[in-house]
Each structure stands twice: as structure tokens, then as C-alpha cells.
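Take a look and give me a structure for this.
(one chain, ligands or ions: 3)
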Amino acid sequence: MNRIVTLDEFIIRRQIDFPYASGELTSLLRDLGVAAKIVNREVNKAGLVNILGVADSQNVTGDQVQKLDLYANEKFIDCLKNSGECCGIASEENEDFIPLPGVESKTGKYVVVFDPLDGSSNIDVNVSVGTIFGIYRRTSEQDDACNVNDFLQRGTELVAAGYVLYGTSTLLVYTTGRGVNGFTLDPSIGEFCLSHQNIQIPDRGNYYSVNQGYYLKFDVEMRRYIDHCSDMNLRLRYIGSMVSDIHRILFQGGIFLYPNTRKYPHGKLRLVYECNPLAYIVEQAGGKAITCQLQRILELPVEHLHQRATVAIGSPDMVEEMKAFVERYSAAPTFP
Ligand code: AHG
Ligand code: MN
Ligand code: MN
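Residues are numbered from 1 along each chain as shown. Ligands and ions are numbered 1, 2, ... in the order given. Prediction:
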């Protein structure tokens, strides 16, 4: 039998890889691992809600049943309070950032951004969902309360990012800027175990992932590129959970697109807690991540917490090909 390496053990072993190797980031990543396990337990039970006699959003004990997004949000916040390493969070579920208290007179050096449940409309039909997170070193003074600028850093400043995929098995994938590693939850021992070391995205792949239902709402250059994907007999896969769709692309190669539409002129996905963390992971795995207007996602200026961005993320050769289509067919000026 191969030796089992748990997430906790791996994080401690790799602590040395981190430029500020003081153990603080290590504790923070462990807090996130604990939250992922708690959310996983609840996601797995989601199908039982009806069987357990929940009616009108009330559970059997008369408590109001919470939406799973909000439950996940609460659990991540609770767990991030554990070690005291995180001085504030920004989440898809909260309009403003939330400062977190220190532990034993220590205030944290990091802020965490996250989407607690991504693709949550999939829950009701038993299809994969995920969690996305990113970690920044705060820019404000450590003795002060955190402020919004701590969260408005460009993606290039991320010190770590990851996602959890609650799928046929539950997987946690993360990077601290030295490669990407994946851990599968073994439910029998309740541990994430190293299952995918140094993940590398293929240069090309057979998949493209886009909501093709919006085809007529896309700009002409994007339509031409999607036509090209179809001409090349690429397989279209679209789950409607960015984590799940990008997970497939990361492992099997391909391209994930969410372009601007008439309804979402700046794209739908959120830069801070969806696009940047996933862009960082894919780049770390050797892929590329740009907007449909050809700017590198990680370099985009961040003006507000819930800012949106268009995305083209995936295998390097395919993102380059998409770029060539945009340059060729776009009437609008492009960015280098
Ligand atoms: P969330 O559930 O966190 O709101 O995110 C849903 C997002 C993303 O995961 C997915 O890729 C996209 O919305 C799907 O949007 P469309 O239904 O417009 O394709
Ligand atoms: Mn989301
Ligand atoms: Mn969400």
C-alpha cells in the first residue's frame, strides 16, 4: 500500500515553500480544510431534506432550514475564526467584507475571499457544486482592523488559492504558488488524502465549456471561436458550476469561457472570489487565464468586492487560439 499523506501533513511539510514560513498560512489552510469537511457533510445530506420531512423551509425540529449557500458561508466564517490567522473575509454571500476578531490578543495577517457554494442551483438535482477560496496577505497595519483595500488586491498578489469540489468524490485542490496539488476526502477516516500531486494542465484538450444557449448574445469574435470549437469536433461540456467545469478542464484539457452577454456586459462571474483564485490555480498548473477582452485576469485592477469579469481559462494553446480569433474578428480595439 502507498503511504497515505493527509492534507494536514502535506501542508506542514510544504510550509517551507512559503516565503513567510511561520506556520500562520499553514493554520489557515487547515481551517479551510475543516470547513470543507463540514460543508461536505451537509452537501451530501442535501438530497435527504425531503425524506426527513422538511416542509415550508422548516426542519423537523421546527428550525428554519437554511439555504445551503448560507450554511456553507457561516461554516467557512466560523472555521476561519479558529486559528486567528484571518483578520477578515469577503464572501459572495455578504455585501461588505467582515472583520474577524483576533485570538488570544493576536490579530491575523491574512484575509480570505471565497464563494462558499459555487453552482448552488445544482444542489437540488444532485449535481456537483464547489467552494472557491483565495488568500491575501493584508496590506493594512496588523494592529488596525482590516479595511476594504485588503480585499481589493490584484490576483497577482494571491498567496494561496484553492477549490473544493463536492462531486462523486470530494476533492480539495490548492496552490501556494509552488504547483498545484489535489486531495481526495476519504470519508471512512474523515481525511483529505494526497491523490493528485503537481497537477499539470494539458497543452490542449478535447473539451470546451460555455453556456452555448447564450450564443446569439455573444460578440461576433466569440461566436466565431465557438464555431471553430464545434468545427474541430471538440466536446461541449457545461455543468453550470464554474468549479466543476474548470476542474474537468484542469485535468483533461480544454477551455472554459464565460463571455460578456447583453444581460451581463462585463461578464457574470465575480473577479475577487471566483475568477482570480481559479485563474491562479490554472496558471500555476501551466494554463492561461485571460478575459474575453484579452487582459490577463490576475492583473485586472479590482475596484469593488463583487466586480464581474469575462473569462477564458484553460489549456495554454487553446487560450492562445481564442486570443487569435478575438484579434482577427474583433472590431473593437484589443489589449496586449
Ligand atoms: P453561484 O452558484 O456561486 O452563484 O455561481 C454560479 C455561476 C458559476 O458557477 C457558473 O459557471 C455560472 O454561474 C453559470 O451561469 P449560467 O447559468 O448563466 O450559465
Ligand atoms: Mn459561484
Ligand atoms: Mn455561490
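
Backbone dihedrals for Leu171, please?
As for Leu171, its main-chain torsions (degrees, to the nearest 10) stand at phi -130, psi 140.

which ones are touching the closest residue to ligand 2 within the chain?
At 3.5 Å from ligand 2, Asp118 is the closest residue in the chain, using CB to the ion. C-beta: built from backbone N, CA, C; applies to glycine. For Asp118, the contact set (CB atoms under 8 Å, 6 or more residues apart in numbering) comprises Val129, Gly130, Thr131, Ile132, Tyr163, Ser241, Met242, Val243, Glu274.

In a markdown table, list these along with pLDDT, distance to ligand 3 and neighbour count.
Formatted as a markdown table, the contacts of Asp118 follow (pLDDT from 0 to 100; distance: CB to the ion, whole Å; neighbours: other CB atoms under 10 Å):
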| residue | pLDDT | distance to ligand 3 | neighbour count |
| --- | --- | --- | --- |
| Val129 | 94 | 8 | 27 |
| Gly130 | 97 | 9 | 31 |
| Thr131 | 98 | 9 | 27 |
| Ile132 | 98 | 8 | 26 |
| Tyr163 | 98 | 12 | 28 |
| Ser241 | 96 | 9 | 23 |
| Met242 | 97 | 9 | 25 |
| Val243 | 98 | 10 | 26 |
| Glu274 | 98 | 8 | 26 |
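
Okay, and which of those residues map to strands?
Among the contacts of Asp118, the residues falling in strands (DSSP state E) are Val129, Gly130, Thr131, Ile132, Tyr163.

quick check, nearest of the residues you listed to Asn82?
If you rank the ones in strands among the contacts of Asp118 by distance to Asn82 using CB to CB, Thr131 comes first, at 16.5 Å.

So that closest one versus Ala161, what's the distance?
Note on Thr131: its distance to Ala161, by CB to CB, to the nearest Å, is 12 Å.

Kindly report the same for Asp69.
20 Å.

Just want to know which of these two has more residues nearby.
Ala161 (27 against 19; other CB atoms under 10 Å).

What are the boundaries of the strands in the stretch 151-300 of the chain?
Ranges of strands in the stretch 151-300 of the chain, per DSSP state E, counting those that start in this stretch, are 160-166, 170-175, 180-186, 191-196, 207-209, 235-236, 254-258, 269-270, 288-290.

Make a markdown table from those and add distance to ligand 1 to it.
Below are these laid out as a markdown table (distance: least, CB to the nearest ligand atom, whole Å):
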| stretch | distance to ligand 1 |
| --- | --- |
| strand 160-166 | 11 |
| strand 170-175 | 16 |
| strand 180-186 | 19 |
| strand 191-196 | 22 |
| strand 207-209 | 9 |
| strand 235-236 | 13 |
| strand 254-258 | 6 |
| strand 269-270 | 6 |
| strand 288-290 | 14 |
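
Nearest to Lys217 among those would be which one?
strand 254-258 (11.9 Å).

how about the closest one, does it get close to ligand 2?
No: Strand 254-258 does not reach ligand 2 (CB under 5 Å from the ion); its nearest approach is 10.7 Å.

what sits up against that strand?
Counting by CB under 8 Å, 6+ apart, 205-211, 222, 226, 229, 234, 237, 242, 245-246, 248-249, 267-269, 292, 310-315, 318-319, 322 sit against strand 254-258.

Just the CA atoms of that strand, as PDB, please.
Taking Å, rounded to 0.1, in the frame of the first residue of the first chain, the C-alpha atoms of strand 254-258 are listed here in PDB:
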ATOM      1  CA  GLY A 254      -9.800  22.400 -22.900                       C
ATOM      2  CA  ILE A 255     -11.200  25.900 -22.400                       C
ATOM      3  CA  PHE A 256     -13.800  27.400 -20.200                       C
ATOM      4  CA  LEU A 257     -15.500  30.600 -21.400                       C
ATOM      5  CA  TYR A 258     -17.900  33.000 -19.800                       C
END
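
quick one: average confidence on that strand?
Summarised as a single mean, pLDDT over strand 254-258 is 98.

neighbouring strands for it, and are they parallel or not?
Applying DSSP bridges, strand 254-258 is found paired with strand 207-209 (parallel), strand 311-314 (antiparallel).

Can you list the low-confidence ranges for this structure?
For the chain, the stretches with pLDDT under 70 are 1, 16-22, 47-66, 331-336.

change it to 90
Scanning the chain for pLDDT under 90 picks out 1-3, 11-27, 44-68, 82-83, 101-107, 120-126, 142-144, 330-336.

any idea how it splits into domains?
What automatic domain parsing lists as the domains of the chain is 7-196, 207-329.

tell me the centre residue of the protein?
Closest residue to the average C-alpha location of the chain: Ile132 at 2.9 Å, with CA atoms, centre = their mean.

That residue reaches Cys275, doesn't it?
No: look at Ile132 against Cys275 with CB atoms under 8 Å: they stay out of range, at 9.2 Å.

count of residues packed around the residue nearest to Gln153 when sequence neighbours are not counted?
Nearest non-adjacent residue to Gln153, counting by CB to CB, 6 or more residues apart in numbering: Tyr136, 5.1 Å away. Residues contacting Tyr136 under the criterion other CB under 10 Å number 25.
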